[in-house]
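>>> I'd like to go over a predicted model; first the sequence, then the structure.
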Amino acid sequence: MAHGVRAVHGDDALLSPVRRVGAGSSGASVRHLLGRDWVAAWLFLVPCMLVLVGLIGYPFVSAILLSFQAKLVGSPGVWVGLQNYQDLLFGRDLSAQFLASVRVSVVYTLVADVFEFALGMSMALLLHEHFRGQTFFRAFFFLPWAIPSLIAGLTWKWMCDGTQIGLLNMLALRFGLSQDLIQWLATYDLALWSVVIAVVWASTPFWVMMFLAGLQAIPPELYEAAEIDGAGVLGRFRHITLPGLASVIVITTLLSTIWTATSINFVYILTNGGPANATMIFPMLAYQVGVAGAGRLGVGATISLFLFPVFLIMIFFLTRRMLAERE
C-alpha cells in the first residue's frame with residue numbers, strides 16, 4: 001500500500017512540471033495579449049472608464065431611449081417608436097418651429113465661424129510678428145477665452161441692455177449716433193447678430209491660439225526662400241501660410257462648429273431664444289421643450305439627437321485628420 005502511495009506521488013511529481021509549464025505559458029500568452037504591465041494599465045484606466053460611462057455613456061443611451069418614448073416630467077414613459085421624430089418633421093405643433101430653429105442654428109454657426117476665422121487669422125498673424133510688448137498683447141487677446149461664459153454673457157447683456165444703462169445705448173446717445181434707445185436684444189432683426197458678436201468675441205481667442213501654434217511650426221526658411229524668389233506678402237500667405245495651416249484650419253473649424261452649434265450659454269443668457277424665436281437655436285429649443293416649458297422629455301431628447309448623425313460625421317473626419325497628422 002505504501003508503495004502504491006509513493007507511486008501516485010511520484011506520478012504527481014512527474015506531472016507537476018508539465019502543469020507549471022502550462023500555467024506559465026498561459027500567463028505568458030496573457031501578458032503577450034494584454035501587454036507586460038496590463039494590470040497597472042487597467043488600474044489607471046478603470047477610473048477613467050467609470051467616469052466616461054457614468055457621465056457620457058449612460059446619459060447618451062438614456063437620451064436615445066427617451067427619444068422613442070412619450071414621457072413627461074414626473075410620469076412614466078410610453079414607448080411610441082419613431083413618433084417623436086415624425087412629429088418634429090411633419091407635426092403641426094413642432095415641425096415649423098423645429099425647422100426654423102435648424103435654419104437659425106445654421107446661420108448662427110456659419111456666420112460665427114466665418115468671423116472667428118477672419119479675426120483669428122488676422123490676430124494670429126499680428127501676434128506672430130516680433131514687436132515690443134508681444135507677450136502682453138498675447139495675454140490680452142487670450143483673455144476672453146479665460147473668462148467663464150456666464151460672466152461674459154452677463155457682461156454682454158449689460159452692454160446690450162435696451163435702457164440708458166446699457167453701454168451701447170449710452171455711447172450711442174453720448175456721441176449722437178442715435179436719438180432713441182436701441183433694443184439690441186429685443187428687436188427681431190438685431191437680436192441674432194448681437195448674440196453672434198458676443199459669441200465671436202468669446203471664441204476668437206481659441207482660433208488665435210490654434211493658428212498661432214500652427215504658424216510657429218512653419219519653418220521660417222520657407223518665407224526667406226519665397227522672399228528671395230520675389231514672392232510678395234499675399235504670395236507668401238497663399239503659397240506658404242495657408243498650406244502650412246491646412247490641418248489646423250480643418251481641426252479648428254470642426255471643433256468650433258461643434259461647440260458653437262451645441263452650446264446654449266450665450267443664447268440662454270442674452271435672449272432665451274427670443275424675440276419671437278429669432279435666436280431659437282435647436283439646443284435651446286430642446287431645453288425649452290424638454291425642461292423649461294412643457295416638460296416633454298421625450299421630444300426634448302429627440303430634438304437633441306436629431307442632428308447627431310451630422311456631428312458624428314464631423315467627429316469622424318476630425319478624428320481621422322488628427323490621427324493622420326500623428327502618423
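That came in fine, so what should we check first?
>>> how about the helices in the stretch 51-200 of the chain?
With helices called from DSSP state H, counting those that start in this stretch, the stretch 51-200 of the chain shows them at 58-66, 83-90, 95-128, 134-146, 149-159, 167-174, 188-216.
>>> which element follows the last one toward the C-terminus?
Beyond helix 188-216 in the direction of the C-terminus, DSSP states H and E gives the next helix or strand as helix 220-228.
>>> list the buried ones in that next one?
By neighbour count with 16 or more other C-beta atoms under 10 Å, helix 220-228 contains no buried residues. Every residue, glycine included, has its C-beta placed from N, CA and C.
>>> what of stretch 124-142?
Quick answer for stretch 124-142 (16+ other C-beta under 10 Å): Ala124, Leu125, Leu127, His128, Arg138, Phe141, Phe142.
>>> mean confidence for it?
Averaged over stretch 124-142, pLDDT sits at 86.
>>> run the chain-centre distance for that stretch.
When C-alpha coordinates are averaged (C-alpha atoms, centre = their mean, to the nearest Å), stretch 124-142 and its chain have centres 26 Å apart.
>>> from the contact counts, what lies against the host helix or strand of Leu234?
For Leu234, the enclosing helix or strand under DSSP H and E is helix 233-236. Applying 3 or more C-beta pairs under 8 Å, 6 or more residues apart in numbering; DSSP states H and E, one finds that helix 233-236 makes contact with helix 220-228.
>>> tell me the mean pLDDT for the helix it packs on?
So the average pLDDT for helix 220-228 ends up being 87.
>>> extract the C-alpha trace of it and format it as PDB.
Extracted C-alpha coordinates of helix 220-228, given in PDB (Å, rounded to 0.1, in the frame of the first residue of the first chain):
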ATOM      1  CA  PRO A 220      11.000  80.500 -41.400                       C
ATOM      2  CA  GLU A 221      13.400  79.300 -44.100                       C
ATOM      3  CA  LEU A 222      10.400  78.900 -46.400                       C
ATOM      4  CA  TYR A 223       9.400  82.500 -46.100                       C
ATOM      5  CA  GLU A 224      13.000  83.600 -46.600                       C
ATOM      6  CA  ALA A 225      13.300  81.500 -49.800                       C
ATOM      7  CA  ALA A 226      10.000  82.800 -51.100                       C
ATOM      8  CA  GLU A 227      11.000  86.400 -50.500                       C
ATOM      9  CA  ILE A 228      14.300  85.800 -52.300                       C
END
